[in-house]
Each structure stands twice: as C-alpha cells, then as structure tokens.
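In: here is a sequence together with a model predicted from it:
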Amino acid sequence: MLNNTTRSWGTVARAFHWVLGIAIIGMIAYGWWMNHFPARADRFFHRSIHADIGYLVLLFTALRLIWKVTNPMPVLPASTRAWERGLAHLNQWSLYVLTFVVAMLGWAHSGAHKPDYADFFGLFRVPQFTVENKQNARDFENWHIYAAYVLLALIVLHVLAALYHRFIKRDGVLERMVDGRAS
C-alpha cells in the first residue's frame, strides 16, 4: 500500500524515512571524516559531493513533509502515555526542523565560501542565497557542524525510542515503519 493508514505507514512514507535516515547519518559521518583528515588536494571534491547530497536531503525532506501533511499518520497504540506521545511528536518535528537547519546552513556556507559548492554533480549550478564572505563562511560552517551534532543526538533518541517500543513495550510501533505491518 502506497499511502499511510491510521494503523500503519505506507510504502512511500517508509521509503522516505529509511532513505533520509541513512543519507543523514551518512552525511554526518562523511562531514566528520572530511573535517578530520589533513589538507588534501581532493578536499574540494569531497566537500562538493557533501554539498550535492545535502541539496538532495533538503529536497527529499521537503517532499517528505508534503507527503506527511497529505496522508494520515498512524495513531500510537492506546497504551501510549500522554508524555510519551508528546515526546514522540516533539522529537519527530525537531528532526524535521534540524534537518532543514543543517541543510540550509550548509547551503549558506556554500554561497559564502570561495569557491562555492554550487555545481550540482556537474549538471547545473545551484542558486546561492549568500554572498562570498570569508568570516560568514566560517560562521555558517561552524553552525552547520554544531546543528549536525544536535541532529545526531535527536537521531540517537529516535532510535532508542524505536528500540524501546520493540523490546520493552512490544507494541508493534517499530514494525509499522520496517515492513508496514499494522499494529
């Protein structure tokens, strides 16, 4: 089933979830690796690839949000306490917001950096909304990194919550996102 129901996530929502989850975790790891290797001749190449994938993450996050607001969300099991529901919604929306913040800060860094990272896989130039400025480029990059670490912490909380539902509550919440099984 492509669409969500009130009992389970549809194929499209699950695909967005897993593709974006893997891409975001991969981007954080790739970003960490890029910033911790010595200066190399291919550093610009790696930063450009990181930026290109970041543009895709931003696009797919926007598409995922459109899908989310146009489809029903599966309800949490009746046994879920009010504070758990509140934390789940806070974490989910915080993940969306931080994903946008991290991507937008990366995009801002691209425009402020010389040379910019606007050449999208050699196909076309991504319009930049910031102007070249060395200090701003450093600031955008630092905020991009700090926000990525906060995003990583939220992802860890999200994974821990999924494991809590799977192994402690055993309420089928994780299975709905893995294989679409209704709980």
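Out: Everything's here; your move. Numbers count the residues shown, from 1 in each chain.
In: next one: the closest residue in space to Ala103 that isn't next to it in sequence from Gln92, what distance?
Out: Leaving aside its sequence neighbours, Ala103 sits nearest to Leu58 (C-beta to C-beta, 6 or more residues apart in numbering; 3.9 Å). Every C-beta, even on glycine, is put in place using the N, C-alpha and C of the backbone. According to C-beta to C-beta, to the nearest Å, Leu58 and Gln92 sit 18 Å apart.
In: return the set of buried residues in the helix or strand encompassing the residue nearest to Ala103.
Out: Under the criterion of DSSP states H and E, Leu58 resides in helix 43-70. Buried residues in helix 43-70, counted by 16 or more other C-beta atoms under 10 Å: 47-48, 50-58, 60-61, 64, 67.
In: would you mark the buried spots in whatever helix or strand Ala88 lives in?
Out: Using DSSP H and E, Ala88 sits in helix 82-112. Buried residues in helix 82-112, counted by 16+ other C-beta under 10 Å: 84, 88, 94-95, 98-112.
In: whichever helix or strand comes after it pairs with which strands, and in what direction?
Out: As assigned by DSSP H and E, the chain's next helix or strand after helix 82-112 is strand 119-120. If you go by DSSP bridges, strand 119-120 pairs up with strand 124-125 (antiparallel).
In: show the subsequent helix or strand relative to the strand it pairs with.
Out: helix 134-163.
In: can you name the next helix or strand after that next one?
Out: helix 173-179.
In: give me the residues contacting that following helix.
Out: With C-beta atoms under 8 Å, 6 or more residues apart in numbering as the test, helix 173-179 has contacts from 7-9, 14, 17, 74, 76-77, 162-163, 165-166, 181-183.
In: now stretch 146-156
Out: 21, 24-25, 27-28, 31, 91, 94-95, 98-99, 101-102, 105.
In: now distance to Ile155 too, for these, in JSON lines please.
Out: Below are the contacts of stretch 146-156 laid out as JSON lines (distance: C-beta to C-beta, whole Å):
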{"residue": "Gly21", "distance to Ile155": "7"}
{"residue": "Ile24", "distance to Ile155": "7"}
{"residue": "Ile25", "distance to Ile155": "7"}
{"residue": "Met27", "distance to Ile155": "11"}
{"residue": "Ile28", "distance to Ile155": "8"}
{"residue": "Gly31", "distance to Ile155": "14"}
{"residue": "Asn91", "distance to Ile155": "9"}
{"residue": "Ser94", "distance to Ile155": "10"}
{"residue": "Leu95", "distance to Ile155": "7"}
{"residue": "Leu98", "distance to Ile155": "9"}
{"residue": "Thr99", "distance to Ile155": "10"}
{"residue": "Val101", "distance to Ile155": "14"}
{"residue": "Val102", "distance to Ile155": "11"}
{"residue": "Leu105", "distance to Ile155": "17"}
